[in-house]
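# Sequence and predicted structure below; questions after.
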Amino acid sequence: MTRYDETHSRWRRDPEAYWAAAAKAIDWDVPPARVFDPALGVYGRWFPGARLNTCHNAVDRHVAAGRGEQAAIIWDSPMTGRVETITYAALQQRVAKVAGALAARGVGRGDRVIVYMPMVPEAAIAMLACARLGAVHSVVFGGFAAAELAARIADAKPKAIVSASCGLEPGRVVKYKPLIDAAIALSPHKPGAVLVLQRPEHPCELTPGRDEDLLAAEAAAAPHACVSVEATDPLYILYTSGTTGAPKGILRDNGGHAVALANSMSLVYGVGAGDVFWAASDVGWVVGHSYIVYAPLLAGCTTVLFEGKPVGTPDAGTFWRVCADHGVKVLFTAPTAIRAIKKEDPAGAFLARHDLSKLEALYLAGERCDPDTVTWSERLLAKPVVDHWWQTETGWTITGNFRGLGLFPTKPGSGGKPAPGYDVVVLDEANQEVPRGQIGSLAVRLPLPPSCLPTLFNADERFRDAYLAAHPGFYSTADAGMIDADGYVWVMSRTDDIINVAGHRLSTGAMEEVLASHPDVAECAVVGVRDTLKGQVPLGLVVLKHGVTKDEATIGGELVAMVRERIGPVAAFKDARIVARLPKTRSGKILRATLRKIADGDEYVVPPTIDDPVILEEVGEVLKGAMR
C-alpha cells in the first residue's frame, strides 16, 4: 500500500499543491493563479479566475496532438445490430457543426439545453457541442415520463431540446416525440427549438415552426469554435429526485470537473491515451456523464457507447462479447448488471466463449455490492474486481482501489479506501466521530474536492439544507457505514435503511450480504417493516438463480438460519420471500424505500426513475401477503 499511502498523505499535507499538479494535465486558456478560494460560493470554489473549454480538452487537443485517426467512440448497438467507430477527427467535425446548429438557434454561453436521447453517438455529440459553446446541458434519461421531463424544462428553462424520434428496448420501441410534446405543453417554459434525430426504427412527424431534423441542421451548420469560459462556470445540470418532489439540479463546473475526471482515469482505473474503456451505463446517469463521455475523452481513451442490456440482447454473454470485440481494458458497470448475468449464467458458460485477454479489471459502482457478486466475478474472470463508492453529487470516486497506484488487497463488501481529495469520517447524531468499526453516518470533511457539486442549480439554501445541515462542517452522504481498523470504508446502506429492532440499530445491507452468499440466491433486498413489539423487523426478498427448484419454505428456512448464525438472534430475521424480480430504477438501484412504504401500508408514489412499474406491483403483492 506504500504508493497509495504516500499519495493520500501528500494530498493531506498540501491539498492545493496536489490539485495544482493535477491541473497541469488540462489545457487552460488562462491558467489558474489560485487553486481554491474558501470565500467563494457555499463552501469555496476551485480554480477561480482560470479559463478553459471542456470540449477542447476532450476532443480538439487530441486532434492537434496528431491522434485524430484514433477511435474516440465505439458505438455498439445490439438493439439495431450496428457497430460504428468515430475517430477523434470525425468527432471534432461533428461536434463543431452541432455546436454551430445550436448557436444558429440562439444558444450561447450560459444558456441551457436539454438532451433527451437514447444511447446513440448523437447524445455524446450534443453534450460536447454544448460544452463547446459554453452552454449548460441537462441530460434527461430518454423515455422519462412527460411530467418529469416537464419539471426539468420548467426548472432549467432551456433554449433548445436535442432529442430523438425513439428509443429501443428489448421487444419494444419507446416513442419520444409524444412525451416531448406533452412535457412542453405541461411546462410554463417553452423552448424555442427542438432538434430531433430521426431513427429509422420509428421516424416521427415534426411540429412546424419548432421542430427540426437534427442531422439536417448539423449538415447545414457552420462549424463553431470552442468558447472560453470561467473554470467556475457550469458545465451541466443533472437532476436527481428530491425528497420534496421537486427535482434537485446537481450542478457541475468546468474547471474542477475537467481536472478531477482526467486525474481519475489514471489514478483510479489505470488507463490512459489509446486505451479502450467501457462504462456500461447510460448518459442519463452520472456514470454516463463522467465515464462514458467526459473522463475517457479527457484522457484520450477510446470509449464504448453501448445500446443494449446485460442479458437478453441477445444473451448473458453480451458484455463479454463487447469486451472481446473491442479490446476493452477496463469495464465499469453496476453490480445489478453482474447479478443479472450471474442469474442467467451462474457457471460462466457464455463468458468462456470470449477472449478476454485484453480485459484487465472490472469496476463496480452505483449501489452497494454484496461480497458474493465480487467473489463470483473474481473466480470467473481471474482478474481484479474493484468495488468503489461515489455519488451523483461527487461525480467521481469517494472510495475505491487505485490501479494507478498499484492495487492494494481488496475486502469483498468494502468500497475500498478514500481517494486523495476526500477526508471520509463516520459521525453520530451529535456530529462526533465514532470509533473504528462502529456504524454511523458517512460524511466528508469540507471542502469537497474538485468536480463535486459546488451547489444546486439556482438553489443554494436547498443545497445547504440537503447536504450540509445534518453535520455542520461536513458533506452528508446520506449513506450509513463504518471505517474498519485498516482504514477500509464499508457502505452498509442509506441512512434511512438502518433499522431499529428492539432498540438495536442494524444495517439491512449486512443482512443482504448474508442472503446473497446463499448458493441459490441471485440477488436480494432486505427492508425494515413496522412491528408493534420490536418497532421494526427485517423482511427478505430474494431472486433465485436460473434452474433452482427448491420451494420457498426450504429456501426461507435456510436463509433465516444463515442470518441467525452470522448476525445473531438480535436481527429478528424470520421471513424471506421468493420473487421473480426486484423493482429497480433504470440505473439499477433497488427501490428499498418504496418497498418499505408498501410493507408498512403507507402512501407512496411510484418513482419516476422506475424501470418497470409492473415489477413493483408484483413485489408489492408479495409484501402485502407477508404482512397479513
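Here it is on my side, so go on.
# thought Leu186 was touching Ala150?
Yes - taking C-beta atoms under 8 Å as the definition, Leu186 is a contact partner of Ala150 at 3.8 Å. For every residue, glycine as well, the C-beta is placed using N, CA and C.
# Those two: which has the busier surroundings?
Ala150 (21 against 14; other C-beta atoms under 10 Å).
# got the contact list for the more buried one?
The contact partners of Ala150, taken as C-beta atoms under 8 Å, 6 or more residues apart in numbering, are Ala182, Ala183, Ile184, Ala185, Leu186, Ser187.
# let's see it at 7 Å
Each residue near Ala150 by C-beta atoms under 7 Å, 6 or more residues apart in numbering is listed here: Ala183, Leu186, Ser187.
# Relative to the centre of the chain, find the outermost residue for me.
Relative to the centre of the chain, the most outlying C-alpha is that of Leu533, 39.0 Å out, by C-alpha atoms, centre = their mean.
# tell me the pLDDT at it?
Note for Leu533: predicted pLDDT of 70.
# One more: the one 5 residues further on?
Per-residue pLDDT puts Pro538 at 89.
# What separation is there between Leu582 and Cys452?
30 Å (C-beta to C-beta, to the nearest Å).
# Between those two, which has more neighbouring residues?
Higher neighbour count among Leu582 and Cys452: Cys452, with 27 against 22, using other C-beta under 10 Å.
# C-terminal to the helix or strand bottoming out on mean pLDDT in the chain, what's the next element?
The weakest-scoring helix or strand in the chain, judged by mean pLDDT, DSSP states H and E, is strand 504-507 (a mean of 65). Using DSSP states H and E, the helix or strand that follows strand 504-507 towards the C-terminus is helix 508-516.
# residues in contact with that following helix?
So helix 508-516 is contacted by 368, 370-373, 413, 492-493, 497, 499, 521, 523-528, 538, 540, 542, 559, 562-563, 566-567, 571, 573, 576 (C-beta under 7 Å, 6+ apart).
# And the residues you listed, which of them are buried?
Among these, the ones that count as buried by 16 or more other C-beta atoms under 10 Å are 368, 370-373, 413, 492-493, 497, 499, 521, 523-528, 538, 540, 542, 559, 562-563, 567, 571, 573, 576.
# Point out the ones among those that are inside helices.
Pro371, Asp372, Thr373, Leu559, Met562, Val563 (DSSP state H).
# Name the nearest of these relative to Phe457.
Thr373 (34.9 Å; C-beta to C-beta).
# OK, contacts around the closest one?
Pro335, Ile338, Arg339, Lys342, Ala516 are the contacts of Thr373 under C-beta under 7 Å, 6+ apart.
# Would you check which pair of the residues you listed lies furthest apart?
Ile338 and Ala516 (11.7 Å).
# Report the buried residues of the strand or helix carrying Met265.
In the assignment (DSSP H and E), Met265 maps to helix 255-267. Neighbour-count burial for helix 255-267, with 16+ other C-beta under 10 Å as criterion, is recorded at 255-267.
# what separates Ala466 from Thr477, distance-wise?
From Ala466 to Thr477 the distance is 11 Å (C-beta to C-beta).
# More neighbours: the two, which one.
The neighbour count for Ala466 versus Thr477, taken as other C-beta under 10 Å, is higher for Thr477 (24 against 18).
# Quick check: the more buried one is in a helix.
No - under DSSP: H, G, I helix; E, B strand; the rest coil, Thr477 sits outside any helix and is assigned strand.
# The closest residue to Leu179 other than its chain neighbours and Glu69: what is the separation?
Using C-beta to C-beta, 6 or more residues apart in numbering and skipping residues adjacent in sequence, the residue nearest Leu179 is Ala146, 4.8 Å away. Ala146 is 42 Å from Glu69, where distance means C-beta to C-beta.
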